[in-house]
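Asker: Structure for the following, please:
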Amino acid sequence: MSENTTPDREETLHTESHDPAVPAAYAAFMRTGWGDRELDLPAHPVAGWAARRRQALAETFPGDRLVVPAGTFKVRANDTDYRFRPDTAHTYLSGNQTSDAVLVVEGGESVLYARPRSSRDTDEFFRDRQYGELWAGRRPSLHEMSTSLGLPVRHIEELPGALAGQGKTRVLRGVDAGVDALVAPDVSLDTDLERVLSEMRLVKDEWEMGELRRACEATTLGFEDSVREWDRVLEFGERWIEGTFFRRARAMGNDIGYDSIVGGGSHATTLHWIDNSGPITPGELVLLDMGVEGHNLYTADVTRTLPVDGTYTPLQRELYDLVHAAQQAGIDAVRPGVPFLAAHHAAMTVLAHGLEGLDLLPVSAQEALDPDNKTYARWTLHGTSHMLGMDVHDCAKTSTDIYPKGDLAEGMCLTVEPGLYFQTDDLLVPEELRGIGIRIEDDVLVTADGCENLSAALPRTSTDVEEWMGRLRG
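Answerer: As a prediction, this is how the structure comes out:
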């Protein structure tokens, strides 16, 4: 049996009731006369790094069988799926980005079980809407995946047999229901695997740092694209910025790392405003929280708050400069050995004293900063930082004793993103503040003696933002 021929089984095709009929003569004719296009692919640049990650994972769970699926397609509506994006841990360990694959690490050896390109011995390649080559595009063969990723690759239909043997098995659950059903769950074992897979990604290796830098570079260009098209932004509103940035993300990367937040005016006070359906109005601010996900799935996460007119009003500048001072204090606090929360505490101290200066706090800034008070948080709402990497909120299943309660280490990457948000119906602030939201966010890599701002190419000070907008708009 060739590597691309599935074992004998009743063929299951992803077709629709409105598809044309397929007579036997047509089906037989379609299975003949095709040339072989097996390719010898070069090694993927992540292959060596991924091998070391798999070795470290195996050493953490000696003797255990570790099962890490890529996941499968998710339905968007009826017979249409979202574009596939593999599970982060799976790609981190293998480099594979094809759907329906499963990485199995056992006894220090790793095997990728994958669904290869359509066999010409079945109707799949010309009839199947999900996996057929003539419908969905060419998938790599097992040989191509193996030579590229640098590990053995077997047909996905061999997976049940591989998981049927005795031994302690841990599964990264919730990614692929079909894989979950093959192994009886053990909450303790499976949760421990999930935790370790998150903690492994806390410290980025040299290759990952390069990917994050490239994501930030593309993100910078996406912000510049948006400002260059400001006349269209004024005409079409938030949607134009969303679409403009998405174009850059698809041109230079895999996708956007998360749904872009384009908050014009009071929409900026909604932290995750992703409808992006409002106008961009002269005299107001617009908050842009956007990030490009690179080809290898590392994402940037950057926010700037811009004056729609290109110049901040005196009140907007006062508030913006306060947020910038808070962000700078947070960035200055980032270095190895300090608590992860150091940036948050530094930024909130600045903002609390600024709110006191605006006569908004019901108590002194010092009292408001007490963990048992926190009344300042009415206008700051969220934490200042989160880990960043292949997920925009990376390493989410890490033990809380390590993140967020632990210390920073060289190689960690985090955001620093304080903000001020005055809701339109907040009667405790002067009317002129209501509906203003400001956030400034950068991606910061912890270095041996401090930190590197990976997104520093985008201006942050109010004066620099104004100059930048004026230059790009001509």
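
Asker: Distance check, Asp205 against Val22.
Answerer: Taking Cβ to Cβ, to the nearest Å as the measure, Asp205 falls 49 Å from Val22. For every residue, glycine as well, the C-beta is placed using N, CA and C.

Asker: so where is this protein shaky, pLDDT-wise?
Answerer: Along the chain, segments meeting pLDDT under 70 span 1-11.

Asker: Give me the domain ranges for it.
Answerer: Using automatic domain parsing, the domain parsing of the chain gives 24-200, 206-473.

Asker: Make a markdown table from those and add distance to His18 and mean neighbour count to it.
Answerer: Converted to a markdown table, these look like this (distance: least, Cβ to Cβ, whole Å; neighbours: other Cβ atoms under 10 Å):
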| stretch | distance to His18 | mean neighbour count |
| --- | --- | --- |
| domain 24-200 | 9 | 17 |
| domain 206-473 | 29 | 19 |
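
Asker: Of all those, which one is nearest Thr12?
Answerer: Between Thr12 and the domains of the chain, the shortest separation by Cβ to Cβ is 8.8 Å, and it involves domain 24-200.

Asker: Redo the domains of the chain as TSV? Include distance to Ser17.
Answerer: Formatted as TSV, the domains of the chain follow (distance: least, Cβ to Cβ, whole Å):
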stretch	distance to Ser17
domain 24-200	9
domain 206-473	31
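
Asker: The biggest helix by length in the chain packs against which elements?
Answerer: Ranked by number of residues, the top helix in the chain under DSSP state H is helix 206-228. Counting by 3 or more Cβ pairs under 8 Å, 6 or more residues apart in numbering; DSSP states H and E, the packing neighbours recorded for helix 206-228 are helix 238-252, strand 285-290, strand 292-293, strand 302-307, strand 442-446, helix 462-473.

Asker: let's see 7 Å
Answerer: helix 238-252, strand 285-290, strand 292-293, strand 442-446, helix 462-473 (3 or more Cβ pairs under 7 Å, 6 or more residues apart in numbering; DSSP states H and E).

Asker: what would the ones you listed look like in a markdown table with distance to Ala326?
Answerer: Shown next, in a markdown table, are the helices and strands packed on helix 206-228 (distance: least, Cβ to Cβ, whole Å):
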| stretch | distance to Ala326 |
| --- | --- |
| helix 238-252 | 25 |
| strand 285-290 | 15 |
| strand 292-293 | 26 |
| strand 442-446 | 12 |
| helix 462-473 | 14 |
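
Asker: which one of these lies closest to Asp100?
Answerer: That would be strand 292-293 among those, by Cβ to Cβ, at 21.0 Å.

Asker: Now do that closest one: which elements does it pack against?
Answerer: Short answer (3+ Cβ pairs under 7 Å, 6+ apart): strand 292-293 packs on helix 206-228, helix 238-252, strand 255-256.

Asker: how about these, which one is nearest Asp81?
Answerer: Closest approach to Asp81 among the helices and strands packed on strand 292-293 is made by strand 255-256 (14.5 Å; Cβ to Cβ).

Asker: Pull up the pairing partners for the closest one, direction included.
Answerer: Partner strands and pairing direction for strand 255-256 (DSSP bridges) are strand 292-293 (antiparallel).

Asker: How about Glu367, nearest residue that isn't a chain neighbour?
Answerer: Asn373 (5.7 Å; Cβ to Cβ, 6 or more residues apart in numbering).

Asker: wait, isn't that neighbour in contact with Gln366?
Answerer: No. Asn373 lies out of contact with Gln366 (Cβ atoms under 7 Å); the separation is 9.5 Å.

Asker: For beta bridges, what are the partners of the nearest residue to Leu172 once chain neighbours are set aside?
Answerer: Here the nearest residue to Leu172 in space, its sequence neighbours aside, is Val68; by Cβ to Cβ, 6+ apart that works out to 4.8 Å. Beta-bridge partners for Val68, by DSSP bridges, are Leu103.

Asker: Next, find the distance separating Leu202 from Trp379.
Answerer: Shown here: Leu202 relative to Trp379, a distance of 31 Å by Cβ to Cβ.

Asker: go on, Met390?
Answerer: As judged by Cβ to Cβ, Met390 and Trp379 stand 32 Å apart.

Asker: go on, Ile436?
Answerer: On the measure of Cβ to Cβ, Ile436 and Trp379 end up 10 Å apart.

Asker: between the two, what contacts are shared?
Answerer: Shared contacts of Ile436 and Trp379 (Cβ atoms under 7 Å, 6 or more residues apart in numbering): Phe422.

Asker: that older thread, can you add distance to Thr15 and give the helices and strands packed on strand 292-293 back as CSV?
Answerer: Converted to CSV, the helices and strands packed on strand 292-293 look like this (distance: least, Cβ to Cβ, whole Å):
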stretch, distance to Thr15
helix 206-228, 38
helix 238-252, 29
strand 255-256, 28
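
Asker: Over to the residue lying closest to Leu445 once chain neighbours are set aside. Which of the three states is it?
Answerer: With Cβ to Cβ, 6+ apart as the criterion, Leu445 has its nearest non-adjacent residue at 4.6 Å, and that residue is Glu452. Put simply, Glu452 is strand when judged by DSSP: H, G, I helix; E, B strand; the rest coil.

Asker: Quote the end-to-end distance of stretch 109-119.
Answerer: 28 Å (Cα to Cα, to the nearest Å).

Asker: for stretch 273-291, same thing?
Answerer: 15 Å.

Asker: ok now it, how far from the chain's centre?
Answerer: Between the centre of stretch 273-291 and the centre of its chain there are 21 Å (Cα atoms, centre = their mean, to the nearest Å).

Asker: repeat for stretch 361-370
Answerer: Centre-to-centre, stretch 361-370 and its host chain are 36 Å apart (Cα atoms, centre = their mean).

Asker: measure the closest residue to Thr219 other than its chain neighbours to Leu388 for me?
Answerer: Among residues not flanking Thr219 along the chain, Ala300 sits closest, at 4.0 Å (Cβ to Cβ, 6+ apart). In this view, Ala300 and Leu388 are 8 Å apart by Cβ to Cβ.

Asker: Gln327 now?
Answerer: Noted for Gln327: a distance of 15 Å to Leu388, by Cβ to Cβ.

Asker: And for Ala24?
Answerer: 55 Å.

Asker: Kindly report the same for Val302.
Answerer: Going from Val302 to Leu388 by Cβ to Cβ gives 10 Å.
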